[in-house]
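[1] I'll drop the sequence and a predicted model, then ask my questions.
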Amino acid sequence: MRRFRAGWLVSSLLVPLASVVAGFLVGALAIVAAGADPLQAYGALFAGAFTNRNAFAETLVSTVPYVLLGLGLALGFRAGLFNIGAEGQFYIGALTGVFVGYSIHGLPLFIEIPAALLAGMAGGFAWAAIAGFLKAWTGAHEVITSIMLNYVAFLVANYLIDGANGKPGVMVAPNVSTPRTPDVDLGAMLPIIVPGSRLHLGLLLALIAVPLVWFLIERTTVGFRLRAVGFNQGTARAAGISVAQTIVLTMGISGALAGAAGIVQVLGLSHHMTDTVAAGYGFDAIAIALLARSNPWGVLPAALLFGALHNGAGFMQLETQVSSDLISIVQASLIIFVAAPAIVRWLLRLREQPVETVQITQREVETPVG
Amino acid sequence: MGRIRFVSGLVAAALMVAACGGTTGGTSSSCSKTFKVGQVTDIGKLSDKSFNFDANVGLKAAQSDPSLCVKGAVIESTSEDDYAKNIQTFLDQKYDMIVTVGFKLGDATLKAAQDNPGVKFAIVDYTYKTYPSNLAGLVFSEDQPGFLAGALAGLLTKTNVIGEVAGLESVPPVVHYVQGFENGAKFTNPKVHPLHIYQPESGAKDFNDPDWGKQQALTFIGQGADIIFGVGGNTGNGGLIGANEQGKMCVGVDVDQYLFFPELRRCFITSAEKLVHNGVKTAITNLVKGTWVSGTVSYNLKNNGVALGPYHDFDSKISASSKAKIKDIMTKLKDGSLSTGVTA
Amino acid sequence: MRANDGVDLAVEWGQVHALLGENGAGKSTLMNVVYGLVSPDSGEIDFDGNPVKIGGPQDAIRLGIGMVHQHFMLIPPLTVAENIVLGREIASAGVVNLDRSYRTVNDLSARYGLEVDPRQRVQDLSVGVQQRVEILKALYRGARLLILDEPTAVLTPQEIEGLFEIVRTLTAAGNAVIFITHKLAEVMEIADQITVMRRGQVVGVTTPAESKPADLARMMVGRPVLLRVEKQPAKPGSEVLRVDDLVVHDDRRQLAVDHVGLAVRAGEILGIAGVEGNGQNELVEAIVGLRPARSGKVLLEGKDITRRPTRDRLRRGVGLIPADRQRQGIILELPIADNLILSDYDRPPYERWLVRQFNTIRSAAERLVETFDIRIRSVDDPAGSLSGGNQQKLVVARELGTAPKVLVASQPTRGVDVGSIEFIHRRLVTERDAGLAVLLVSSELDEILSLADRVAVLYRGRIVAVLDAAEAEREHIGLLMAGAAA
């Protein structure tokens, strides 16, 4: 639809790709420093992520929450909202969703799954909307409020599952040796789509979410409003757009996607929830959205990359004893390169197109008519 | 959020070596069969300064023992959903035994053990009601080293007041240590008055609030305490720091903390040690030697699973009769003629 | 000093050299070359008769070249003196000697008649005084050739006079000044030499004595330009917009609009004259609903809209050309088409079931582009790719395209080329004749006088006088704007 713009290729494809390569190079340095062979380590990483038995299915399992979370954050970024609270929204989404999931019984799966999903999304929406409200009406920065709400979310989950003051939590399952919620109803469990693996229907949900979020951002009035607010609040306001409402709505949708990631993870994998369910997915997703340049389609390969890293790390450690923490080094450094494209441009010897060229040449000078 | 079951703080440098170092020692050519043993950590990873780390020390010890013919490997879990997958990765590679660490892996370990009867499993700090024959739960009698350290404290206190700064009460090993310590002190000194406090649930600061720990120690010292037992990761370590600042005595936990806190050496009279590495190594040895034991396996003074640490700088300040008394208590705890009075 | 292929721009000591041209003619770029911010593809620069190479601002500063940019480069929370010495602090052993800094700045400002209080924070200063600080900064670094880039764009008439005094003092002391502008009147008043640029080329070199403003305008634009707006007397109809006893606060919660009352009728242009910062922005924002009224009323065709949200006011027929188009008028990153339907994006026919209708949007945009003579390649290009004049025409097109009942036009031709000014002025008069009520807010008195039918003078948030434009005298309004009793 839109005319192809020069420079698009560089900024949207080349820079992220080069950043990934540079990230792996930095990781290789760390591997050498630890006394191992980077080729061997990366070989094992690749095998563990793609070629071992069930490895690709497991990579996709890890990719699912990353896609949903990445989409949520990318959407927020487009409105200029830096939602650092995806981790907490993931928790709350898992909590509200799992509550519905274990409270309903005996209904068909096409009712139970959507019910639990919607509950999870509603939980994430509401939780993120708190930070949206605070930003819209008090000006409190969403980075601060959403990150603080993470802690509140962790503690809410802790309280509801683990309990406090010696009393068990209200959501804890009876007769389990470690604190966790009851399993969700059989009908709410996401079916396995590749027999013999853990790959569940969540993958399809994530894949459907990509075009939906793209459509929402690029083709609907809601998406237009959030982009307008993201680019220029002053102009948006002067054009009659309610900036406050847009911020709350955008944070909410962003949180709903994070909440969806949380409940999909529960319905697809563990079927119950503990107080450490997310363990950093929400923070990794910030990197994914950045790597994707906030483009929903870009989220897909970025999430796959992170899923592969996440999944391959175990086998890499088994084979080469290079700590799985290495992938954090790779992730962190590729984010530095994404965030500082100037470094990558320099590495690629790409020159920024001059904004305008002015030629000053000698020309016959008009004699003023005086 | 992660809750730390095992309660000490170790030095990061040692961990880096453990986390990044390659495999050393191991299988010699004399081995007819190499036993492959894998360890799966919980999300605390090897850098937890705690049981993940110490279990790995045991695995490495087994590996470097030429008589055992063990090849070890570890996978650190980055999220809760990885537990089953990481166990499966070892199973796919035909490992003979898998060591898992902590209650978080309880469900995944049991399921894997049931599905793979040909592979041995051992889980640290966790027990089940019933076990398949290829699964062992390794638990440690923290009350015993607690009791011994308490007995020593009872002998050394001049004010007859001692204090314990502890981690979460919902974590059983913490309570075992504390109760053992108090019972031991009363055993050698009926006049002793023990004071204890457990850290309230505080999320991210669980086992990791040294300021709070120090504050509690100072409060106890204000009430006359002259020995502080720090039992609770960095929270407990805060207690030790408080005791050291006030020139009082202190007792370390889990490992010989004297070695890891040079700046606090002045205060350590001893440490109540829990030798997870011995437990892990023993379990591996049992497999190799064909003496596998399933079910709950308790590690205590008798099988060298727990210990009272060295006295170090206090060695010269403790009278021969006191040392003899401690030795006597140790013997009696070992042979069962004396009980710590703590029920697990 | 000479620039580029040994011809074209020669500046002499003790003179004011005006560099005249429309926006985008290449004036600023040429000066950036001289200041070392842009490296030239070819050509050379001679300074004091010697060829020099200017690789960066440091080189320029060393040679004695100073530049005051259109957008000031000051750090608001620091004091005047701190800003001036920044980067070249008067310090001993790493500690800034503030007392000596204050004294040095005082000496410097006394020497050139640039009054500033070195201890004041820059954030508390008016724009005119901030500009003085910028000039002092350049002088402190030893500038003998001072480049002023559109220095009057942000100044009030009085401040402009003050600036001209300073420029004269500087040249009298033997310094040279390059004065970049697109305003003819200023050139006539201050310049000794004039170089006119168009599309990156020098098209004429002259002096105020040799050329009349109309000649300069023709050189700048490339064709004859009408400097006065032709218009018939207004035939006002019924009252469209009424403001009663309005009180508005500014961002710092200080009184900015102080019990203002005014009325605009259909078919007339009411001009609000005043030195900038006397409550114009707050008044405009309160009328369109971007800022709450503390008390008083805003009425549209007799209906109270004081508490209605902006969106509602726009729908009821209020149009807004904001003073700062990049901050409130357009979204540079979005396509031209989206900008042209910005306030109607969520209404049919541009929307159906929440889905945007791109074909309708594009054809509507193309119609507006055609009608308002916006020079573009494609309505899909980002608005940021347009020149300032075309951006402004885009805003005008959008606001008039919705057929409003009243248009609030705030600084409608600021930073716009002569051709676009001409176009926008003609358009406003045409719309007035077709029955539109126009509230024109401008700090350019010439614009007010040539467009408005009635003139209200705003001073410190109050309307101090309302005059019939035909009878209003320039001098009289100037005095009212400066606060002389009406």
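    Structure received.

[2] Distance check, C:Ile477 against A:Ser333.
    In this view, C:Ile477 and A:Ser333 are 63 Å apart by C-beta to C-beta, to the nearest Å. All C-beta spots, glycine's among them, are computed from the backbone N, C-alpha and C.

[3] Give the burial count for C:Val240, as a bare number.
    27 (other C-beta atoms under 10 Å in any protein chain shown).

[4] typo on my end, B:Ser32
    Neighbours of B:Ser32 under the rule other C-beta under 10 Å: 5.

[5] Give me the nearest residue to it, chain neighbours excluded.
    B:Cys69 (7.8 Å; C-beta to C-beta, 6 or more residues apart in numbering or on different chains).

[6] Is the one you found in contact with B:Val37, as I believe?
    No - contact criterion C-beta atoms under 8 Å: B:Cys69 and B:Val37 do not qualify, at 10.6 Å.

[7] out of those two, which sits in the more crowded spot?
    Neighbour tally, B:Cys69 and B:Val37, criterion other C-beta under 10 Å: the higher count belongs to B:Val37, 27 against 18.

[8] contacting residues around C:Ala153?
    Contacts for C:Ala153 were tallied using C-beta atoms under 8 Å, 6 or more residues apart in numbering or on different chains; they are C:Gln70, C:Arg414, C:Gly415.

[9] Also A:Arg225?
    A:Arg225 makes contact with A:Ala236, A:Ile241, A:Thr246, C:Tyr345, C:Asp346 under the criterion C-beta under 8 Å, 6+ apart.

[10] Residue 299: what secondary structure?
    With no chain named, the answer covers chain A. At A:Val299, secondary structure determined by DSSP: H, G, I helix; E, B strand; the rest coil is helix.

[11] if you could check chain C rather than the one you did, that'd help
    Of the three states, C:Leu299 takes strand according to three-state DSSP.

[12] That one - nearest residue in space that isn't next to it in sequence?
    C:Arg242 (4.2 Å).

[13] that older thread, tabulate the contacts of A:Arg225 (a markdown table), appending distance to chain B, pLDDT and secondary structure.
    Putting these into a markdown table (distance: C-beta to the nearest C-beta, whole Å; pLDDT from 0 to 100; DSSP: H, G, I helix; E, B strand; the rest coil) gives the following:
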| residue | distance to chain B | pLDDT | secondary structure |
| --- | --- | --- | --- |
| A:Ala236 | 38 | 96 | helix |
| A:Ile241 | 39 | 95 | coil |
| A:Thr246 | 33 | 96 | helix |
| C:Tyr345 | 42 | 93 | coil |
| C:Asp346 | 41 | 92 | coil |
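
[14] Now neighbour count and distance to C:Val408 too, for those residues, in TSV please.
    Below are these laid out as TSV (neighbours: other C-beta atoms under 10 Å in any protein chain shown; distance: C-beta to C-beta, whole Å):
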residue	neighbour count	distance to C:Val408
A:Ala236	25	18
A:Ile241	23	18
A:Thr246	24	24
C:Tyr345	19	21
C:Asp346	18	22
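
[15] The spatially most central residue of chain B bridge partners, please.
    Centroid-nearest residue in chain B, with C-alpha atoms, centre = their mean: B:Lys274, separated by 3.6 Å. Beta bridges link B:Lys274 to B:Val306 when assigned by DSSP bridges.

[16] Mind pulling the model confidence for it?
    On pLDDT, B:Lys274 comes in at 93.

[17] Phi first, then psi, for C:Phe47.
    In this entry, C:Phe47 is assigned phi and psi values of phi -130, psi 120 (degrees, to the nearest 10).

[18] so how many other residues sit close to it?
    19.

[19] Repeat that for the one 10 residues further on.
    Taking other C-beta under 10 Å as the criterion, the count of residues near C:Pro57 is 16.

[20] Reduced to three states, what does the nearest residue to it once chain neighbours are set aside come out as?
    Distances taken as C-beta to C-beta, 6+ apart place C:Gly36 nearest to C:Pro57, at 5.0 Å, with adjacent residues excluded. What three-state DSSP gives for C:Gly36 is coil.

[21] residues in contact with stretch B:96-104?
    A:177-178, A:274, A:276, B:5, B:35-44, B:51-52, B:55, B:59, B:80, B:83, B:87, B:90-91, B:108-109, B:112, B:119-126, B:280, B:283-284, B:287.

[22] Take those and keep only those in strands.
    Among the contacts of stretch B:96-104, the ones falling in strands (DSSP state E) are B:Phe35, B:Lys36, B:Val37, B:Gly38, B:Gln39, B:Val40, B:Lys120, B:Phe121, B:Ala122, B:Ile123, B:Val124.

[23] can you tell me which of those lies nearest to chain C?
    Nearest to chain C among the ones in strands among the contacts of stretch B:96-104 is B:Val40, at 48.4 Å by C-beta to the nearest C-beta.

[24] mind showing which ranges of the stretch 351-486 of chain C have poor pLDDT?
    C:485-486 (pLDDT under 70).

[25] what sits against residue 292?
    This is for chain A. A:Pro16, A:Gly70, A:Ala74, A:Gly298, A:Val299, A:Leu300, A:Pro301, A:Ala302.

[26] hmm, I had chain B in mind actually
    B:Lys120, B:Asn134, B:Ala136, B:Asn286.

[27] ok and the residue in the stretch 151-300 of chain A nearest chain B?
    Residue nearest to chain B within the stretch 151-300 of chain A: A:Ala279 (3.9 Å; C-beta to the nearest C-beta).

[28] what's the pLDDT at the closest residue to that residue other than its chain neighbours?
    Leaving aside its sequence neighbours, A:Ala279 sits nearest to B:Ser79 (C-beta to C-beta, 6+ apart; 3.9 Å). What the model reports for B:Ser79 is a pLDDT of 85.

[29] my guess is C:Val202 meets C:Ile194, correct?
    No - at 10.9 Å, C:Val202 does not count as touching C:Ile194 under the criterion of C-beta under 8 Å.

[30] Contact residues of the stretch 101-250 of chain B facing chain A?
    Counting by C-beta under 8 Å from any C-beta of the partner chain, the stretch 101-250 of chain B comes close to chain A at B:Phe103, B:Lys104, B:Gly106, B:Asp107, B:Tyr126, B:Tyr128, B:Glu169, B:Ser170, B:Glu201, B:Gly203, B:Ala204.

[31] Buried only: go through the residues you listed for me.
    B:Phe103, B:Lys104, B:Gly106, B:Asp107, B:Tyr126, B:Tyr128, B:Glu169, B:Ser170, B:Glu201, B:Gly203 (16 or more other C-beta atoms under 10 Å in any protein chain shown).

[32] Output these as CSV; include the columns pLDDT and distance to C:Gln120.
    Shown next, in CSV, are these (pLDDT from 0 to 100; distance: C-beta to C-beta, whole Å):
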residue, pLDDT, distance to C:Gln120
B:Phe103, 83, 65
B:Lys104, 85, 62
B:Gly106, 91, 68
B:Asp107, 90, 69
B:Tyr126, 91, 69
B:Tyr128, 92, 76
B:Glu169, 85, 61
B:Ser170, 79, 61
B:Glu201, 72, 54
B:Gly203, 62, 48
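
[33] Which of these fall in helices?
    Among these, the members found in helices (DSSP state H) are B:Gly106, B:Asp107.

[34] Any idea how many residues pack against the single nearest residue of chain A relative to chain C?
    Proximity of chain A to chain C (C-beta to the nearest C-beta) peaks at A:Gly240, 3.3 Å away. With neighbours defined by other C-beta under 10 Å, the count for A:Gly240 comes to 23.
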